[in-house]
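**Student:** coordinates for the following, if possible.
(one chain, ligands or ions: 2)
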Amino acid sequence: MAERVEIFEMAPRDGLQNEKRAIALADKIALVDCLSRAGFHRIEVGSFVSPKWVPQMADSAAVFAGIARKPGISYAALTPNMKGYEAAKAAGADEVAIFASASEGFSRANLNCSISESLDRFAPIMEAAKLDNVKVRGYVSVVTDCPFDGKTPPENVAKVVASLRDMGCYEISLGDTIGQGTPESVTAMLRAVLDEAPADQLAGHFHDTSGRALDNIEASLALGLRVFDAAVGGLGGCPYAPGAAGNVATEAVNARLVALGYETGLDAGVLKEAAALARKMKGQGDV
Ligand code: HMG
Ligand code: MG
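**Tutor:** Residues are numbered from 1 along each chain as shown. Ligands and ions are numbered 1, 2, ... in the order given. Okay, the predicted model is just below:
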């Protein structure tokens, strides 16, 4: 039997968070409902962050309330602090994610605090989630390159991964936030990170700014990673990372994985439908 690789779908959150124009709540719900038919086990639906910082995610609770949940799918949300965690819990998020940075410059831009302060803010989330039996995923951003601090030393990534591991994150997603990683820099980063966490607790999160995301996924596969984040239609970008273009497109990752002989469990026809919906929401038409 073919080996399984999982794609964690990001379009409703990472795909739309950077969008300036208003997107109707009904369209966001329709996108998640379409994605729920594609075969994903995990879909990131929204984030409970400051609406002043990321206005597009301000209606995440309403999105959670409006979707038709399918059994077996974990509907996830980003939570930067306890206020976000409480809101995600009230909205019925099945799992939450805390998000840290491997560079001080990006931490300040994205969370308005240092890396160490961000970890302090995450600690009560971990405690509450444990009591509530809610799984917590961790992200580390700018794992190869930072728009503010330049190249990220691999050992800095490994250090933050170790902290998130010690705090109890069940999986840690490694973000090439501005899509500047190369197979070489991704491999060097992963070698350092694998000293702190096994491959089956890691995921790759590649933005496709430079068109190298699929190559970086292959480099990650070679080191044992079997979970990748992606967004249908290649939507995405981080509002606090200048130059961050879309996430790698789910349909392209799926096609590459299938061509490499992996099984993803995804329906390519539904992915195409979802990608068209996603692009329409971004005003890119049915291309
Ligand atoms: P701050 O301004 O330092 O926070 O922002 P504060 O505690 O001083 O609060 C300021 C205001 O925000 C207050 O409201 C709070 O109540 C409110 P006011 O009194 O002014 O009316 N507030 C909140 N409101 C709703 N939900 C909350 C919340 N927290 C505070 N949870 C803060 C600090 C962390 C809140 C802010 O910096 C923030 O929201 N940052 C989030 C930025 C973000 O969402 N970035 C994108 C996601 S990360 C990403 O895309 C990377 C990833 O994809 C991986 C990769 O690609 O690398 C995951
Ligand atoms: Mg991202």
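**Student:** residue contacts, the residue of the chain found nearest ligand 1?
**Tutor:** Ligand 1 sits closest to residue 175 of the chain, with a gap of 2.4 Å, by Cβ to the nearest ligand atom. Placement of C-beta: from N, CA and C, glycine included. Under the criterion of Cβ atoms under 8 Å, 6 or more residues apart in numbering, the contact list for residue 175 reads 139-143, 205, 207.
**Student:** pLDDT on the helix or strand hosting it, on average?
**Tutor:** Here residue 175 is covered by strand 171-176, with elements defined by DSSP states H and E. Mean pLDDT, computed over strand 171-176, is 98.
**Student:** pLDDT below threshold where in the stretch 151-287 of the chain?
**Tutor:** Within the stretch 151-287 of the chain, the stretches with pLDDT under 70 are 237-238, 243-244, 284-287.
**Student:** next one: the residue of the chain closest to ligand 1 from residue 120, what distance?
**Tutor:** When Cβ to Cβ, to the nearest Å is applied, the distance between residue 175 and residue 120 equals 21 Å.
**Student:** got the residues of the stretch 151-287 of the chain near ligand 1?
**Tutor:** Neighbours of ligand 1 within the stretch 151-287 of the chain, by Cβ under 6 Å from any ligand atom: 175, 177, 205, 207, 238-240.
**Student:** pick the one among the residues you listed closest to residue 2.
**Tutor:** The shortest approach to residue 2 among those belongs to residue 205, at 23.3 Å (Cβ to Cβ).
**Student:** so what touches the host helix or strand of that closest one?
**Tutor:** If you go by DSSP H and E, residue 205 is part of strand 202-206. When contacts are defined by Cβ under 8 Å, 6+ apart, strand 202-206 is touched by residues 8, 10, 139, 161, 171-176, 179, 181, 186, 190, 193-194, 212-213, 216-217, 220, 225, 227-230, 247-248.
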